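Undergrad: this one's sequence-less:
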């Protein structure tokens, strides 16, 4: 009878252990990784005696975490930790009297404007202003009348200190006139296009504002690249003839003259410079494009502006010498040979000038060869 009770108790204990095993394994350490941070969630410890844990008697006593150990509680189901707000790096605010660089053109000019914003982000005295449209050009005046826009904008305040244009990518099309269509490309098309180019250059020139015309770049489409090559040549010739600065950016964004999507950035690292559509610029490409324009703008932004305040920086204290004063020399005739007093014989000057002999070395001085 006792043996039978012992066997029954053994079976009961074994069953309880087997039943409690899944629960014990269910309480495992939980590791949560958020980005570069790792959080560890420890399961609650059960300090009850074995038999109490075996038969589910009593409640486990709370255990304080060890010093230096961070124990995080799992959030209730359906409750998520609020995401941290994005950190925006503050930019230097522009001054109220900041000099304005006006950028006009199509979508490539818009990319150029964004690149110039980055290039001059640390210059509170320079502000980039853009006036662009997706396919704006000179072959069609439907998008923006550039001549009318420049005539109005260059008379407004603040007056731009420089104008940068990048136009022509979408101009590989016929020019529509009131009485006819002019085919592209053709001699008549080139004549009309040059006349429209000259109108813009003349408006900017009449307002005495430096004008920078940025050349075109190849695109993914071979046919479009052929059109762009022709238009870029027309722009370059007209700019050179009319005295407008032409900035050639074809080579930095091509390989053997053809379109290339990737290339070295300003740090020399090979990066994606053009968008997947084969036309626009990536952030790295726009910054690289802006670099060449930034170099050309140096004379207009960093040299011309400071010279205007040079007279204000000069102090009025102290004596002033007039370089054109006729009485400054105190003489009214030129010196002649008769006015010279010859050196006396026996003097070092007579020995050197009249006799043509070297002077005696001074003992102890460098160059003296006298032996002591």
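TA: Alright, I've got the coordinates. The structure presented is a predicted model; accordingly, all values stated were derived computationally and were not measured.

Undergrad: Please make it C-alpha for all contacts and neighbour counts, starting now.
TA: Will do.

Undergrad: Could you check the pLDDT of residue 47?
TA: pLDDT recorded at residue 47 is 70.

Undergrad: what about it, distance to residue 53?
TA: Applying C-alpha to C-alpha, to the nearest Å, the value for residue 47 to residue 53 is 9 Å.

Undergrad: If you count surrounding residues, which of those two has more?
TA: Using other C-alpha atoms under 10 Å, the more surrounded residue of residue 47 and residue 53 is residue 53, with 17 against 13.

Undergrad: helix or strand for the residue lying closest to residue 146 once chain neighbours are set aside, which one?
TA: Of all residues not flanking residue 146 in the chain, residue 200 sits nearest, at 7.2 Å (C-alpha to C-alpha, 6 or more residues apart in numbering). Assigned by DSSP states H and E, residue 200 belongs to helix 187-206.

Undergrad: what's the next secondary structure element after that helix?
TA: Using DSSP H and E, the helix or strand that follows helix 187-206 in sequence is strand 211-214.

Undergrad: Verify the contact between residue 188 and residue 182 for me.
TA: Yes - between residue 188 and residue 182 there is a contact under C-alpha atoms under 8 Å: 6.8 Å.

Undergrad: Pass me the low-pLDDT residue ranges in the stretch 51-200 of the chain, would you?
TA: 51, 54-91, 142 (pLDDT under 70).

Undergrad: mind running it again at 90?
TA: 51-97, 122, 133-137, 140-145, 178-179 (pLDDT under 90).

Undergrad: Remind me what the one helix or strand residue 287 maps to packs against, helices and strands.
TA: For residue 287, the host element (DSSP H and E) is helix 283-296. In this structure, helix 283-296 packs against helix 107-119, strand 211-214, strand 245-247, strand 270-272, with contacts taken as 3 or more C-alpha pairs under 8 Å, 6 or more residues apart in numbering; DSSP states H and E.

Undergrad: Serialize these to CSV and add fields for mean neighbour count.
TA: Formatted as CSV, these follow (neighbours: other C-alpha atoms under 10 Å):
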stretch, mean neighbour count
helix 107-119, 22
strand 211-214, 23
strand 245-247, 18
strand 270-272, 15
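
Undergrad: separation between the closest residue to residue 203 other than its chain neighbours and residue 211?
TA: Nearest-residue entry for residue 203: residue 151, 6.5 Å, with adjacent residues in sequence omitted and distances by C-alpha to C-alpha, 6+ apart. Computed with C-alpha to C-alpha, the distance linking residue 151 and residue 211 is 14 Å.

Undergrad: my guess is residue 253 contacts residue 218, does it?
TA: Yes - in this structure, residue 253 is within contact of residue 218 by C-alpha under 8 Å, at 7.4 Å.

Undergrad: re the thing from before, in contact with the residue nearest to residue 146: list those residues for me.
TA: 146, 147, 150 (C-alpha atoms under 8 Å, 6 or more residues apart in numbering).
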